[in-house]
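J.: take a look and give me a structure for this.
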Amino acid sequence: MGWEEFSKNFLFEVGAGDRVKLWTDQWCGDSPLKLIFLSVYEIASNKEASVASSLDRLGIGERRSWGVRFIQRPNDWEMGGVEEFLCTLASNLPPNENGDRLRWKLTKNEDFDFSKTAGRIKEATANLPVVTEDDDRDEAAALQDETESTDEDGAMKQDVLVGVPAEEHLEESDPFGLDAMLSTVVKKGFMKGKKDATAKINVEVEENKRFIKSQREALITCLEIAARRYKTPWCQTVIDILVKHAFDNVARFTTRQRDAIEKLWASIREQQTRRKQGKSVNGKLDVNGFEWLQQKYSTKKISIRHSVGGSGDRRAQQWLG
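T.: So this is what the prediction gives:
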């Protein structure tokens, strides 16, 4: 899943506008403005402009107004699109100058839920097929210099074809002369249909392989993004569970991806140990609430009635990990 696919799941609610791109972010309508008003976008002076830089203020305390600039005057046939563009902007003037906000389309309250997103990532990881030797070989081949190998293979094939006469090819393909006994039209139609069916199957297989490959790459990217948030205490438990799940399903990833997951899990384990010792990523004793309860009840006994301290020999460690 690339950024274009991922960005379809949210839209921007503009406040100050300094973190939202005027043309390329979806903040006004169902698509980015560059797709809705392509001809206007082509003559824009700054195609990477933010919403804030496209707003002017006439005086102190005055309300902001639009000030989009172009590299040339629109042609007569472009004026209709420009007028529609300006009307769209006028009806979507940011009502305040608070911070910009992301509205997540996949939840009812339009807020991004970190835990639910991690759950979706775990589900997608569990649905991946187990990596085969062919997948590892494809990955290794992609890392090599394909240009030289392609040139060498092409030269070798050409040498082989040059060394064998054309007549010999024909004789080998039909050594008993059976072609003469078959109808040319029927044979051509049968071969064409067979080739088309084979080609269609090959295309579907390759498309499926590309899709699964992009899925694996996207999941690795999600893990890397999550790892960068590890300094935030309330994220740590979710990230721990997410990375542990990826490590448990490491057979579903290619060799290089397995190495990355194993290194990430080793780093997570190290951080867990350091937090218990009072040495965390922030240099503070920031054992999170889950770990605090884990330590507190790890030596307590839980009765059959689930009351701490009652009779029974099951320890809370069984539930808290």
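J.: buried sites along the host helix or strand of residue 236?
T.: Taking DSSP states H and E as the definition, residue 236 sits inside helix 233-248. Counting neighbours by 16 or more other CB atoms under 10 Å, one finds that the buried residues in helix 233-248 are 233, 235-236, 238-243, 245-247. Backbone N, C-alpha and C define where each C-beta goes, glycine included.
J.: distance to residue 200 for these - can I get that in a markdown table?
T.: Output for the buried residues of helix 233-248, formatted as a markdown table (distance: CB to CB, whole Å):
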| residue | distance to residue 200 |
| --- | --- |
| 233 | 53 |
| 235 | 46 |
| 236 | 49 |
| 238 | 43 |
| 239 | 43 |
| 240 | 45 |
| 241 | 42 |
| 242 | 38 |
| 243 | 40 |
| 245 | 37 |
| 246 | 35 |
| 247 | 38 |
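J.: returning to that earlier point: next helix or strand past the helix holding residue 236?
T.: Past helix 233-248, further along toward the C-terminus, the next helix or strand under DSSP H and E is helix 255-276.
J.: how would you label residue 48: helix, strand or coil?
T.: coil (DSSP: H, G, I helix; E, B strand; the rest coil).
J.: that one and residue 34: what is the separation?
T.: In this view, residue 48 and residue 34 are 11 Å apart by CB to CB, to the nearest Å.
J.: and the contacts of stretch 63-73?
T.: 22, 40, 43-46, 49, 54-58, 86, 89-90, 93-94, 97 (CB atoms under 8 Å, 6 or more residues apart in numbering).
J.: make it 7 Å
T.: Applying CB atoms under 7 Å, 6 or more residues apart in numbering, the external contacts of stretch 63-73 come out as 43-45, 54-57, 89-90.
J.: please tell me how far the residue nearest to residue 88 when sequence neighbours are not counted sits from residue 76.
T.: Sequence neighbours aside, residue 28 is the residue nearest to residue 88 in space, at 6.5 Å (criterion: CB to CB, 6 or more residues apart in numbering). Between residue 28 and residue 76 the computed distance is 26 Å (CB to CB).
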